[in-house]
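Chemist: just to be clear, the model below is a prediction. Sequence and coordinates:
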Amino acid sequence: MADYLADVKKYDAGASADVVDKIVKHLGIALRNRDSSLVSCTDPKELDRVRENWIGKKLGIADAAKANASIEKTCKAMHADNSKNRVTFYYLVAKDLGKLGSL
């Protein structure tokens, strides 16, 4: 948990440990595998999963244009990070969409 929080704090110094913990619990078993614990901004199928499963189902955002804009913004924010941690990526998307409080 501390590693995830430290990674999120690289992008948001005021990140809440409770929110990060909720994202970690939501992702569960996916975080055990290195490949599934990372997000690839160059893989359209991966970004579709983020949009459908995280933004659509968990965050309740049905507006595809809004979802795509948030994903693109997060990819740009994390572009220097070769290994985009899924917890951090999901946190930044939720923050951008104003949904951290609903997690």
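Modeler: Noted; the coordinates are in hand.
Chemist: same for the top helix by length along the chain, what does it pack against?
Modeler: What stands out as the longest helix in the chain, according to DSSP state H, is helix 64-77. Other helices and strands packing on helix 64-77, by 3 or more C-beta pairs under 8 Å, 6 or more residues apart in numbering; DSSP states H and E, are helix 86-96. Heads up, the C-betas are built off the backbone N, CA and C, glycines and all.
Chemist: for the helix it packs on, packing partners?
Modeler: helix 2-9, helix 17-27, strand 38-39, helix 64-77.
Chemist: redo the ones you listed as CSV? Include distance to Lys99, mean pLDDT and mean neighbour count.
Modeler: Shown next, in CSV, are the helices and strands packed on helix 86-96 (distance: least, C-beta to C-beta, whole Å; pLDDT from 0 to 100; neighbours: other C-beta atoms under 10 Å):
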stretch, distance to Lys99, mean pLDDT, mean neighbour count
helix 2-9, 15, 93, 16
helix 17-27, 10, 96, 16
strand 38-39, 17, 96, 21
helix 64-77, 10, 97, 16
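Chemist: center of this structure, which residue is that?
Modeler: The centroid of the chain falls nearest to Tyr90 when counting by C-alpha atoms, centre = their mean (1.1 Å).
Chemist: which ones are touching it?
Modeler: Ile23, His26, Leu27, Val50, Trp54 (C-beta atoms under 8 Å, 6 or more residues apart in numbering).
Chemist: excluding its backbone neighbours, what's nearest the second one?
Modeler: The one in question is His26. Lys58 (6.6 Å; C-beta to C-beta, 6 or more residues apart in numbering).
Chemist: ok, the last one next?
Modeler: Among residues not flanking Trp54 along the chain, Tyr90 sits closest, at 5.5 Å (C-beta to C-beta, 6+ apart).
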